[in-house]
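Engineer: Sequence plus predicted model, see below.
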Amino acid sequence: MLRNLTKLIVLAALLSLCLPCPADNGALRPNILIAITDDHSWAHTSAQGSPFVETPNIDRISEQGLRFNNAYSGSPGCSPSRAALLTGRHHWMIGPAGTHGSTFPVHYETFVDVLDHAGYTVGFTGKGWGPGDWLSGGRTRNPAGDEYNGVKLDGPLPVGISSVDYAGNFERFLASRQGGEPFYFWVGSHEPHLKYAEGPRTDEELARVVVPGFLPDTPASRSMLLDYADEIAHFDHHMGRILEILEKSGELENTLIIFTADNGMPMPRAKANGYDYGIHVPLFMRWDARGRKGHTVEGPVGFTDLSATVLAAAGLPVPDHYVGRSLLPLLLGEETELDYQRAVYSGRERHSSSRYQNLSYPQRMMRSGDYLVIWNPKPERYPAGAPRRLEDGQLSPPASAYHDIDDSVIKRELVAGRDDPYIGRFFHLAVDKRPEWQFFNVKDDPACLQNLANDPDHSTVFARYKQQLTATLEETGDPRALGYGHVWEDYPRQKGSMRYFPQPD
């Protein structure tokens, strides 16, 4: 009897070595809540000092946790950026999942899969991974988790506001949990993605807006930025409800909350562009039970760092193929700052159907210190898409396409005023072809208007950045850097409208 008991004790000890360790000995594994807005640049929360965007509930995450002032998304487009976050790998490392509207092969394991296998209850509401076709990739659910979108908002809603009740679906998810299982939940806002209400504005409202330097300072721009702010405020309201649900359920203390955005705001020269307003996103983290409060981090952070952080916080090994580093030491107060010179990366391939035979506009970006370097491997292509498309075999009117810029009041103003001495400058900033290499001091020039790549005073530092980006792309197997970038054109487009364009010269 004693011998059998001894065997059982030894067996139990061995089995315990195979189980995931909690984040701290004796502590409960934390819940994980990721809140991610759709098309939202870093400057646009009241925590960051915006005078026209009000986010009191999102600000609470920053006030009770960490604010990262230099966080960069995996891509300036939603689908590849979310895929980079989910897999812990740069978008050029994950095949069709790294482009827009294609597939997400099942062999690219997500951190959601890892959490699920470790006993977490996993789910999402709103927008998970997408647009794209995860079913054809061999998956049985969205890569973000099990879907909870059944609870809807009552009554008529403003144009562009989703009917999904994000907080209501989170509450339903919590009620579905079995026992005391830890949870992971992804709250994917559809806002502030276009379309917008485009309603009338008072002079007082318009006066509060700060217009970025790459957009014309006109009533149309100011009005659209207010529409954008309204949609951010809509999601902020849901965040307030979600924080209240966590508090009432007793789960707030032990929930790691990560708030960010998939890419920058949906304006010309921001979203779908490698410039700072296209990839620089808000990032706040809060973990009441163990996290530091009210601390700001200046060192650059990338989306692949978030993937590693989630698993490390859950006490799970970070896979070797993850390319980021865990931010848990910062959250726990074991470190105070990241190296400001560390490099983080982003990139894009195809966005919308915008060119002949669905060709992409590839870009690769690296932020380190005060500088952002951009490689445009196909400078002969139009960055915003071809100027004209084919309709019933005929060319559409001049400047009627540029489909990598979402339709908006600003885009319509730029097209209509392209020959105007003032408006025309911003039109050409948005649509003209670009050099192969661009280099910006984003500390001094966040609008990315002064390309320093050919500036003699910056030749040494530019050469160093160019070499570092190129070496990293080669080391991580980027097809563009290794000479077979055509594979990006071959991945099937499964979601989104298909358009037709004249063959380029």
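Structural biologist: Great, that's in hand. Numbers count the residues shown, from 1 in each chain.
Engineer: Now V344. Its backbone dihedrals?
Structural biologist: Main-chain torsions, V344, degrees, to the nearest 10: phi -130, psi 160.
Engineer: Now do the contacts for it.
Structural biologist: Applying C-beta atoms under 8 Å, 6 or more residues apart in numbering, one finds that V344 lies in contact with 72, 300-302, 305, 366-368. C-betas here are computed from N, CA, C, even on glycine.
Engineer: and if we set it to 6 Å?
Structural biologist: If a contact means C-beta atoms under 6 Å, 6 or more residues apart in numbering, then V344 has 72, 300, 302, 367 as its contacts.
Engineer: in stretch 194-207, what's buried?
Structural biologist: Buried positions in stretch 194-207, judged by neighbour count with 16 or more other C-beta atoms under 10 Å: 194, 196, 201, 206.
Engineer: Out of the contacts of V344, who's the most crowded?
Structural biologist: Within those, Y72 tops the neighbour count with 28 neighbours, counted by other C-beta atoms under 10 Å.
Engineer: Please report phi then psi for it.
Structural biologist: Dihedral angles for Y72 - degrees, to the nearest 10 - are phi -130, psi 130.
Engineer: tell me the pLDDT at it?
Structural biologist: The per-residue pLDDT reported for Y72 equals 98.
Engineer: Just the ones in strands from the contacts of V344, please.
Structural biologist: Filtering those for membership in strands, criterion DSSP state E, returns 72, 302, 367.
Engineer: just to revisit the earlier point, can you put the buried residues of stretch 194-207 in CSV and add pLDDT?
Structural biologist: Converted to CSV, those look like this (pLDDT from 0 to 100):
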residue, pLDDT
L194, 97
Y196, 97
R201, 96
L206, 98
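Engineer: In helices only, show me those residues.
Structural biologist: Here DSSP state H is the test, and these give L206 as lying in helices.
Engineer: need the ones in strands among the contacts of V344 in JSON lines with distance to R412, can you?
Structural biologist: Formatted as JSON lines, the entries for the ones in strands among the contacts of V344 read as follows, by distance: C-beta to C-beta, whole Å:
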{"residue": "Y72", "distance to R412": "30"}
{"residue": "G302", "distance to R412": "34"}
{"residue": "R367", "distance to R412": "32"}
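Engineer: Let me know the closest of the residues you listed to P421.
Structural biologist: If you rank the ones in strands among the contacts of V344 by distance to P421 using C-beta to C-beta, R367 comes first, at 33.8 Å.
Engineer: The closest one bridge partners, please.
Structural biologist: In this structure, R367 has the following beta-bridge partners (DSSP bridges): V344, L372.
Engineer: and it, how far is that from P383?
Structural biologist: 19 Å (C-beta to C-beta, to the nearest Å).
Engineer: Am I right that F52 is in contact with A229?
Structural biologist: Yes. Applying C-beta atoms under 6 Å as the test, F52 and A229 come out as touching, 5.4 Å apart.
Engineer: So between the two, which is more surrounded?
Structural biologist: Regarding F52 and A229, a neighbour count based on other C-beta under 10 Å identifies A229 as having more, with 20 against 17.
Engineer: Skipping adjacent residues, who's closest to that one in space?
Structural biologist: Closest residue in space to A229, ignoring its immediate chain neighbours: V53 at 4.4 Å, by C-beta to C-beta, 6 or more residues apart in numbering.
Engineer: Now do the same contact list for that neighbour.
Structural biologist: Remark: with contacts taken as C-beta under 6 Å, 6+ apart, V53 is in contact with 44, 229, 232.
Engineer: Count the neighbours of G179 for me.
Structural biologist: Here the count is done by other C-beta under 10 Å, and G179 has 5 residues near it.
Engineer: Could you pull up the contacting residues of it?
Structural biologist: Taking C-beta under 6 Å, 6+ apart, one finds nothing in contact with G179.
Engineer: Apply 10 Å and report the result again.
Structural biologist: Contact partners of G179, counting by C-beta atoms under 10 Å, 6 or more residues apart in numbering, are T121.
Engineer: per-residue confidence for it?
Structural biologist: On pLDDT, G179 comes in at 79.
Engineer: that's a strand at it, yeah?
Structural biologist: No. When DSSP: H, G, I helix; E, B strand; the rest coil is applied, G179 is found to be coil, with no strand at that position.
Engineer: Tell me the spacing between it and D445.
Structural biologist: Counting by C-beta to C-beta, the gap from G179 to D445 is 54 Å.
Engineer: buried ones in the one helix or strand A167 maps to?
Structural biologist: Assigned by DSSP states H and E, A167 belongs to helix 166-176. Of the residues in helix 166-176, 166-174 count as buried by neighbour count, 16+ other C-beta under 10 Å.
Engineer: Can you find the helix or strand in the chain with the smallest mean pLDDT?
Structural biologist: helix 2-18 (a mean of 35; mean pLDDT, DSSP states H and E).
Engineer: Given whatever helix or strand comes next after it, what are its sheet partners and their directions?
Structural biologist: Note on helix 2-18: by DSSP H and E, the next helix or strand toward the C-terminus is strand 31-37. Using DSSP bridges, the strands paired with strand 31-37 in its sheet are strand 183-188 (parallel), strand 255-261 (parallel).
Engineer: Only C-alpha atoms, please: export the following helix or strand past the longest one in CSV.
Structural biologist: Read in the C-terminal direction, the helix or strand following strand 255-261 is helix 276-279, with elements assigned using DSSP H and E. Once side chains and other backbone atoms are set aside, the C-alpha atoms of helix 276-279 remain, and they are given as CSV (Å, rounded to 0.1, in the frame of the first residue of the first chain):
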residue,chain,number,x,y,z
ASP,A,276,3.9,57.1,-38.7
TYR,A,277,0.2,57.8,-38.7
GLY,A,278,-0.4,54.5,-40.5
ILE,A,279,1.4,52.2,-38.0
